[in-house]
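Participant: Would you be able to build a 3D model of this:
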Amino acid sequence: MTGNSAPKNLVVVNHPLVLHKLTLMRDKNTPSAVFRQLLREISLLLAYEVARDLPMTMQTIETPLAEMEAPILKGKKLVIVSILRAGNGLLEGMLDLMPSARIGHIGLYRDPVTLQPVEYYFKVPTDIDERPVIVVDPMLATGNSIAYAIKRLKEKGARDVRLVCLLSAPEGIKRVSEEHPDVPIYTAAIDSHLNDHGYIVPGLGDAGDRMFGTK
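Facilitator: Below is the predicted model of the structure:
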């Protein structure tokens, strides 16, 4: 998915540091503790990109030498919404960079037969309609769960929604772009395809299992 075939809402963050850390994460021999640390480090770099165009205003401050008009973020702080459970790996790193952000959680699991999302938890700030929203999930595979999560956020009033994921499959990008063309997608890499079980190939396996040492 390159060139003219790529959706206009797609941003590939192919920074050398991101790609280097991603390669280490893909390695099946990388232990869970190192995997979690790498994901946290990559999330900082992804957060930098997704926050690049946040609205700014000017504020009068005094430096040790003089008074000045200085730029500062405008409006209410943003919301980071983690799609459980693997989304928490990206959430923690982003909070290092944006500690004042509000936090939301959406609990979903994928039905192993239909591959459709099943919701078991939903908790977001009540004033989400007044805040920029960053949805985080390491893997954009079929796109079913993420498209569903974004739909639920919009039902709650969210208007400025951005998606951050570590790896994407063309199928997932297509699904989310078709259902939510207004939502920018930030990803570190676009892999080849999905296998018969809905996993990204070559991918890095199940992100949650890699993070927490479960199978």
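Participant: And what about the spatially closest residue to Arg85 that is not a sequence neighbour, helix, strand or coil?
Facilitator: Spatial nearest neighbour of Arg85, chain neighbours left out: Gly208 (5.0 Å); criterion: C-beta to C-beta, 6 or more residues apart in numbering. Just so you know, the C-beta spots here come from the backbone N, C-alpha and C atoms, and that holds for glycine as well. Three-state assignment for Gly208 (DSSP: H, G, I helix; E, B strand; the rest coil): helix.
Participant: Near Gly208, how many residues? Count them for me, please.
Facilitator: Neighbour count for Gly208, taken as other C-beta atoms under 10 Å: 16.
Participant: Equivalent analysis for Glu41, please.
Facilitator: Residues lying near Glu41 (other C-beta under 10 Å) number 16.
Participant: Please apply the same query to Leu91.
Facilitator: Leu91: 24 neighbours (other C-beta under 10 Å).
Participant: Just the C-alpha atoms of the helix or strand harbouring Glu41, please, in CSV.
Facilitator: Using DSSP states H and E, the element containing Glu41 is helix 32-50. The C-alpha trace of helix 32-50 is given here as CSV (Å, rounded to 0.1, in the frame of the first residue of the first chain):
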residue,chain,number,x,y,z
SER,A,32,8.7,-9.7,27.4
ALA,A,33,10.4,-7.1,29.6
VAL,A,34,12.5,-5.9,26.7
PHE,A,35,9.4,-6.0,24.4
ARG,A,36,7.4,-3.8,26.8
GLN,A,37,10.3,-1.3,27.1
LEU,A,38,10.7,-1.0,23.3
LEU,A,39,6.9,-0.5,22.9
ARG,A,40,7.0,2.3,25.5
GLU,A,41,10.0,4.0,23.7
ILE,A,42,8.3,3.7,20.2
SER,A,43,5.1,5.2,21.6
LEU,A,44,7.0,8.3,22.6
LEU,A,45,8.1,8.8,19.0
LEU,A,46,4.6,8.1,17.6
ALA,A,47,3.1,10.5,20.1
TYR,A,48,5.4,13.2,18.9
GLU,A,49,4.0,12.8,15.4
VAL,A,50,0.3,12.5,16.2
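Participant: continuing past it, what's the next helix or strand?
Facilitator: According to DSSP H and E, the helix or strand after helix 32-50 is strand 56-62.
Participant: Report the secondary structure state of the residue of the chain positioned farthest from its centre.
Facilitator: The C-alpha centroid of the chain is most remote from Leu65, which lies 40.2 Å away (C-alpha atoms, centre = their mean). In three-state terms, and counting by three-state DSSP, Leu65 is coil.
Participant: I'd like to know how far it sits from Met58.
Facilitator: 18 Å (C-beta to C-beta, to the nearest Å).
Participant: how about the closest residue to Lys156 other than its chain neighbours, what does it touch?
Facilitator: Nearest non-adjacent residue to Lys156, counting by C-beta to C-beta, 6+ apart: Ile128, 5.5 Å away. Ile128 is in contact with 79, 104, 153, 156-158, counting by C-beta atoms under 8 Å, 6 or more residues apart in numbering.
Participant: just Thr187 next, same as before
Facilitator: 10-13, 140, 164-168, 173.
Participant: Make a markdown table from the residues you listed and add neighbour count to it.
Facilitator: Formatted as a markdown table, the contacts of Thr187 follow (neighbours: other C-beta atoms under 10 Å):
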| residue | neighbour count |
| --- | --- |
| Leu10 | 17 |
| Val11 | 18 |
| Val12 | 17 |
| Val13 | 18 |
| Leu140 | 27 |
| Val164 | 27 |
| Cys165 | 28 |
| Leu166 | 30 |
| Leu167 | 22 |
| Ser168 | 26 |
| Ile173 | 22 |
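Participant: Perfect, I'm done here.
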